[in-house]
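> Provided below are the primary sequence and the corresponding predicted coordinates.
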Amino acid sequence: MSKKSLLVLVVVAVLTGLIVFILNRPAPAPAGAGKAAPGARLLGDIDLAAVAALTVQSGEATVTLKRGADKKWAVAEREGVTADASRLSEVLSQLAEIKVAQVQQAGPSQYPRLQLADPAAAGENAPKNEEKGTLVKLLDEKDAPI
């Protein structure tokens, strides 16, 4: 084997190794991916004592539960009918314990298929009710989102 063919063979091997290295390196993490790392709590370290209202909206239906001055929970849409505080407490604690299982990247065009579309969306291009998501809002005493 001549020096020239050996040199060509070494250059081809180095280039092949470089291409393999570039193709197999891990992709950079998308922006904001650190917030939703698998195993992390979805809502972070939320203070459940600060929750003064809970709103659940699905399609055109909305239910709002508010904590009154007497610390009792009531259904706002039913003229203050008392809500079951033990069940609500259980739901809130379960919400706080939800952990991220897997991170998926999806653009707005995929939201209806994944049932993540805004339930309040209206107009011609609005998704059908079965494609809309369910929006859960946790609010503090000033009606600011937590």
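Right, received. Where do you want to start? Numbers count the residues shown, from 1 in each chain.

> looks like Ala96 contacts Leu48 (just checking).
Yes. Distance between Ala96 and Leu48: 5.9 Å, which falls inside the contact criterion (C-beta atoms under 8 Å). All C-beta atoms are positioned from the backbone trio N, CA, C, and that covers glycine.

> of the two, which one has the most company?
With other C-beta atoms under 10 Å as the criterion, Ala96 and Leu48 differ in neighbour count, and Ala96 comes out ahead with 17 against 13.

> please identify the helix or strand for the more buried one.
Assignment of secondary structure by DSSP states H and E places Ala96 within helix 85-97.

> list the buried residues for that helix?
When neighbours are counted by 16 or more other C-beta atoms under 10 Å, the buried residues of helix 85-97 are found to be 92, 95-96.

> next one: stretch 38-54
Buried residues in stretch 38-54, counting neighbours by 16+ other C-beta under 10 Å, are found at 51-54.

> in these, find the pair that's most separated.
Taking every pair in the buried residues of stretch 38-54 and measuring C-beta to C-beta, the maximum separation is 8.8 Å, between Ala52 and Leu54.

> anything in contact with each of those two?
With C-beta atoms under 8 Å, 6 or more residues apart in numbering applied, the overlap between the contact sets of Ala52 and Leu54 consists of Leu139.

> for the chain, longest helix please?
Within the chain, and with DSSP state H defining each element, the longest helix by residue count is helix 3-24.

> centre of the chain to it, how far?
44 Å (C-alpha atoms, centre = their mean, to the nearest Å).

> buried ones in that helix?
Counting neighbours by 16+ other C-beta under 10 Å, one finds that helix 3-24 has no buried residues.

> may I have it exported as PDB, CA atoms only?
Output for helix 3-24, consisting of C-alpha atoms alone and laid out as PDB, is shown next (Å, rounded to 0.1, in the frame of the first residue of the first chain):
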ATOM      1  CA  LYS A   3       1.700   6.400   1.300                       C
ATOM      2  CA  LYS A   4      -0.800   8.200  -0.900                       C
ATOM      3  CA  SER A   5      -3.500   5.500  -0.600                       C
ATOM      4  CA  LEU A   6      -2.800   5.200   3.200                       C
ATOM      5  CA  LEU A   7      -3.300   9.000   3.600                       C
ATOM      6  CA  VAL A   8      -6.600   8.800   1.700                       C
ATOM      7  CA  LEU A   9      -7.800   5.900   3.800                       C
ATOM      8  CA  VAL A  10      -6.900   7.800   7.100                       C
ATOM      9  CA  VAL A  11      -8.700  11.000   5.800                       C
ATOM     10  CA  VAL A  12     -11.800   9.000   4.900                       C
ATOM     11  CA  ALA A  13     -11.800   7.200   8.300                       C
ATOM     12  CA  VAL A  14     -11.500  10.600  10.100                       C
ATOM     13  CA  LEU A  15     -14.300  12.100   8.100                       C
ATOM     14  CA  THR A  16     -16.500   9.100   8.700                       C
ATOM     15  CA  GLY A  17     -15.900   9.300  12.400                       C
ATOM     16  CA  LEU A  18     -16.700  13.000  12.400                       C
ATOM     17  CA  ILE A  19     -19.900  12.500  10.600                       C
ATOM     18  CA  VAL A  20     -21.000   9.700  13.000                       C
ATOM     19  CA  PHE A  21     -20.100  11.900  16.000                       C
ATOM     20  CA  ILE A  22     -22.200  14.800  14.600                       C
ATOM     21  CA  LEU A  23     -25.200  12.700  13.800                       C
ATOM     22  CA  ASN A  24     -25.200  10.900  17.200                       C
END
